Each structure stands twice: as structure tokens, then as C-alpha cells.
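> Build the 3D model from these lines:
(one chain, ligands or ions: 1)
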Amino acid sequence: MPLQLIRNDITKMRVDAIVNAANPSLLGGGGVDGAIHRAAGPQLLAACRRLGGCQVGQARLTRGYDLPCKYVIHTVGPIWQGGAHGERAQLASCYRSALALAASHRCKTVAFPLISSGVYGYPKAQALQVALETIAEFLSGHDMTVYIVVFDRDAVQVSSKLFQNITAYIDDVYADAHADPAGRFRQLPAAPVGGFAEEAASFAPPPRTAMRPSVAHPGLDAMLAQLDESFTQMLLRLIDEKHISDADCYKKANIDRRLFHKIRSNPHYKPSKQTALALAVALELSLEQTRELLMKAGFALSHSDKGDIVVEYCIRQRIYNIIEINQVLFKLDLQPLGY
Ligand code: ADP
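Modelled structure (predicted):
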């Protein structure tokens with residue numbers, strides 16, 4: 001997945017480069033800077049001394065020394081002064097400069113902390129938005145996997161209305177799915193033999209179109225052909241029907257180009273559920289179409305799975321921004337879409 005929000009200590013990231021939120025002297029400081037210098041060892045400080053400083057919005061590169069990454073890219077974020085002093089442009093410039101430097105050193109995986117959002121005082125939610133937007137823009141023209149590493153879940157703030165609505169929806173739907181089984185079974189047709197009620201509930205009858213005898217029916221052949229479609233075939237048909245390009249689709253799905261080509265070139269490819277869901281969201285499918293696409297990959301949306309409920313809610317509300325959905329999933333400690 002090209003852009004991932006994860007919770008971790010950035011010094012533990014096994015990537016080509018980690019980014020340091022440094023100060024203009026590059027001679028170390030507190031926060032993430034201190035943690036990186038401690039983990040990299042004294043050679044990092046010696047290398048930084050040779051660089052002779054760095055201006056706000058720019059970036060410099062050193063080796064990673066004792067860190068598990070190859071490089072450290074040092075960038076200097078703006079100090080928050082209320083937001084009307086060019087902070088946003090400077091912060092975006094940090095991300096762009098660091099990414100350009102990473103690309104010129106052929107880095108394929110890069111991890112960022114939330115620059116300026118600690119001692120420099122940039123409000124975390126706004127700092128995250130700048131990071132997400134700037135990185136997404138860069139990724140539209142580059143093949144790279146970028147991690148935004150946040151230390152605490154509170155750094156991710158989803159609009160409180162959306163979050164409240166989603167958690168209320170989860171409470172309703174999840175509670176129903178886990179309701180007193182006696183109450184649930186009462187709504188089912190009588191089981192043929194005692195004890196089969198649960199199984200009866202889980203085997204939905206096949207779609208009626210599939211059970212009809214082959215009487216003349218306009219479009220029946222097309223419907224039957226659709227039943228035989230594989231995941232890949234359905235995906236490619238939907239991309240054509242929506243008049244979007246392959247690249248638009250995998251970028252919107254936040255899916256790696258290579259993974260998309262693997263799916264595209266194998267008519268029998270079975271993606272993971274998170275990948276299938278990401279593609280459904282990218283294609284802005286209805287809930288019914290999403291279920292159908294998932295089924296082709298052997299999956300279903302379940303009301304016993306909170307992640308599925310979040311995605312179901314978003315599709316119902318036509319929220320098709322994968323980064324926004326992934327922020328909600330992250331906040332709820334659920335697996336993001338796109339793997
Ligand atoms: P700045 O001076 O740019 O604000 P800070 O180091 O004070 O930099 O904080 C930047 C962000 O990095 C903060 O959100 C802080 O919570 C986070 N942070 C601190 N230590 C780590 C770490 N080891 N890994 C990832 N993030 C960290």
C-alpha cells in the first residue's frame with residue numbers, strides 16, 4: 001500500500017529511509033530527533049556536523065548508522081505561530097524536499113514522523129492533513145511506499161461528527177449481530193432438525209436469477225455470464241464501465257502498481273479482502289456491487305467484523321476517500337484497506 005498510517009517508534013522502522021524532524025543546527029535535540037540520535041549512535045552526530053545546518057522546509061541526508069534503515073533524511077519543520085506565517089507551505093516543503101531526496105537515492109520505502117507536531121507546536125490534526133495531502137500528491141507521480149508513523153493514536157483526528165456517526169453505526173449493527181441468539185433464531189424459519197438454525201442463517205439462498213430455469217428472458221445470458229466472471233474480469237469490466245484508467249483506479253485504491261498488474265494479468269487472481277475492498281471503494285461501488293465483487297474473491301461483508309461495518313457505513317454514505325476511511329480504521333485500531 002503506497003501510503004500507510006501506522007503506530008510505531010520510527011527508530012524501529014525497517015525502511016530505506018526514515019525522516020528526522022530536526023532543528024536548523026542539525027546537532028540533535030529532544031523528541032523524535034533525540035530518539036533517532038540515540039538509536040543511530042554517535043556517528044550520526046558527526047555526520048550531521050559535517051552538513052553545517054539546514055533551513056526550514058529543506059532536507060539533508062546522512063547514513064542510518066546503527067539504525068535498521070539505510071538513510072536518515074533530516075528536515076526542519078516550521079515553528080507554529082498561529083498559522084498565518086506561511087507554516088503550511090513550509091511544512092509541505094519539508095515533505096516534498098525529503099521525498100525528492102529519498103527518490104534521488106532510489107529509496108523505495110520511507111517513514112515520516114509527524115513533523116513539527118511536537119515541540120514546534122503545529123496542531124496535530126492539521127499537521128497530519130498536510131502530510132497526507134503532500135505525500136499523496138508526490139505518490140501520484142512516483143512508485144514508493146511511504147509510512148506516516150505516529151506515536152499516539154490521538155494524533156489522528158477524524159471529524160468528530162463522522163467518528164460519532166460511525167461509532168453509533170457500529171454499536172447498532174455489531175450489537176444486532178451479537179444479540180441474544182434466542183432472539184435471532186426466532187426470526188428464522190423453523191429448522192428442519194433441531195439445532196440447525198445457525199446453519200440455516202448463514203446459508204443465504206443463491207441469487208434468484210441463478211435458480212431460474214432457462215426460459216426466454218432478455219439479458220439472461222448476460223446475467224449468467226456475469227455469474228461466471230472472475231474477480232479480475234469483474235474488476236476490469238467495472239473499470240471500463242466507469243471510464244477510468246487503471247492508474248486512476250489503483251492510485252485511488254492506494255494499491256501498489258505491481259500488485260494491480262498482478263491482479264490484471266491473472267484472470268484467476270484471488271486478492272486479500274482488504275485489497276478487494278479498497279478496489280470497491282476506488283470504483284465507488286454500491287453496497288450490492290461491493291458484496292458481489294468481494295464474493296468473487298471468496299469474501300463477504302460481515303456484521304461481526306467492526307472493520308466491515310465501518311466500510312459498509314462509508315459506502316452507504318458515499319464516502320469513497322480511502323485515506324479518510326483508513327484514518328477512521330486506524331483510530332479504531334482496525335486493519336486499513338489496501339493490503
Ligand atoms: P518537532 O520539533 O518538529 O515538533 P518533535 O520531535 O517534538 O518534533 O515531535 C514530532 C512528532 O514526533 C510528535 O508528534 C511526536 O509525538 C512524535 N515522536 C516523538 N518521538 C517519536 C518516535 N520515536 N517515533 C515516532 N514519532 C515520534
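> Check what contacts the host helix or strand of residue 263 and list those residues.
Taking DSSP states H and E as the criterion, residue 263 maps to helix 257-265. Contact partners of helix 257-265, identified using CB atoms under 8 Å, 6 or more residues apart in numbering, comprise 143, 231-232, 235-236, 246-247, 249-250, 253, 269, 271, 275. C-beta coordinates here come from the backbone N, C-alpha and C atoms, glycine included.
> Give me the contacts around the helix or strand following that helix.
The first helix or strand that comes after helix 257-265 along the chain, using DSSP H and E, is helix 273-282. Residues from elsewhere that reach helix 273-282 (CB under 8 Å, 6+ apart): 1, 231, 235, 249-250, 252-255, 259, 263, 271, 289-290, 293-294, 296-297, 299, 311, 314-315, 320, 322, 325, 335-339.
> could you redo the last one with a cut-off of 6 Å?
The contact list for helix 273-282 (CB atoms under 6 Å, 6 or more residues apart in numbering) reads 249, 252-253, 255, 290, 293-294, 297, 299, 311, 320, 322, 337-339.
> same thing with stretch 294-310?
Contacts of stretch 294-310 (CB under 6 Å, 6+ apart): 166, 170, 173, 177, 231, 234, 270-271, 273, 276, 291, 312, 328-329, 334-335.
> Could you do stretch 2-9 as well?
Stretch 2-9 is touched from outside by 135, 139, 145, 146, 147, 148, 149, 150, 254, 330, with contacts defined as CB under 6 Å, 6+ apart.
> Point out the other helices and strands that the host helix or strand of the first one packs with.
Using DSSP H and E, residue 135 sits within helix 124-139. With contacts defined as 3 or more CB pairs under 6 Å, 6 or more residues apart in numbering; DSSP states H and E, the packing partners of helix 124-139 are helix 87-104.
> Next to the ligand, which bits of the stretch 101-250 of the chain? Give me the list.
Within the stretch 101-250 of the chain, the positions lying close to the ligand (CB under 6 Å from any ligand atom) are 113, 114, 115, 116, 117, 118, 119, 120, 149, 151, 155.
> residue boundaries of the helices in the stretch 101-250 of the chain?
Using DSSP state H, counting those that start in this stretch, the helices assigned to the stretch 101-250 of the chain run over residues 124-139, 160-177, 181-185, 197-202, 208-211, 220-228, 231-241, 246-252.
> among those helices, which gets the worst mean confidence?
Here the lowest mean pLDDT among the helices of the stretch 101-250 of the chain goes to helix 197-202, at a mean of 30.
> ok, back up a step: buried subset of the residues of the stretch 101-250 of the chain next to the ligand?
Listed as buried from those are 113, 114, 115, 116, 117, 118, 120, 149, 151, 155; burial here means 16 or more other CB atoms under 10 Å.
> which residues touch the residue in the stretch 151-300 of the chain that the ligand sits nearest to?
Proximity of the stretch 151-300 of the chain to the ligand (CB to the nearest ligand atom) peaks at residue 151, 4.1 Å away. Residues near residue 151 by CB under 6 Å, 6+ apart: none.
> Quick check: phi and psi at it.
In terms of degrees, to the nearest 10, the main-chain angles of residue 151 are phi -80, psi -40.
> how much space between it and residue 118?
9 Å (CB to CB, to the nearest Å).
> Equivalent analysis for residue 153, please.
Distance from residue 153 to residue 118, counting by CB to CB: 16 Å.
> what's the answer for residue 163, then?
From residue 163 to residue 118 the distance is 24 Å (CB to CB).
> so where's the protein uncertain?
For the chain, the stretches with pLDDT under 70 are 155, 157-158, 179-227, 339.
> per-domain residue ranges of it.
3-152, 160-198+228-331 (automatic domain parsing).
> Buried deepest among those, which one?
domain 3-152 (a mean of 19; mean count of other CB atoms under 10 Å).
> what about that one, start to end distance?
One end of domain 3-152 sits 18 Å from the other (CA to CA, to the nearest Å).
> chain center to it: distance?
Relative to its chain's centre, domain 3-152 lies at 20 Å (CA atoms, centre = their mean, to the nearest Å).
> and residue 19, which of the three is it?
strand (DSSP: H, G, I helix; E, B strand; the rest coil).
> Check the gap between the residue lying closest to residue 284 once chain neighbours are set aside and the ligand for me.
Spatial nearest neighbour of residue 284, chain neighbours left out: residue 320 (4.7 Å); criterion: CB to CB, 6 or more residues apart in numbering. Per CB to the nearest ligand atom, to the nearest Å, residue 320 is found 29 Å from the ligand.
> wouldn't residue 320 be in contact with residue 283 here?
No: using CB atoms under 6 Å, residue 320 is not in contact with residue 283; the gap is 8.6 Å.
> which ones are touching residue 95?
134, 135.
> what's the distance between it and the ligand?
Counting by CB to the nearest ligand atom, the gap from residue 95 to the ligand is 12 Å.
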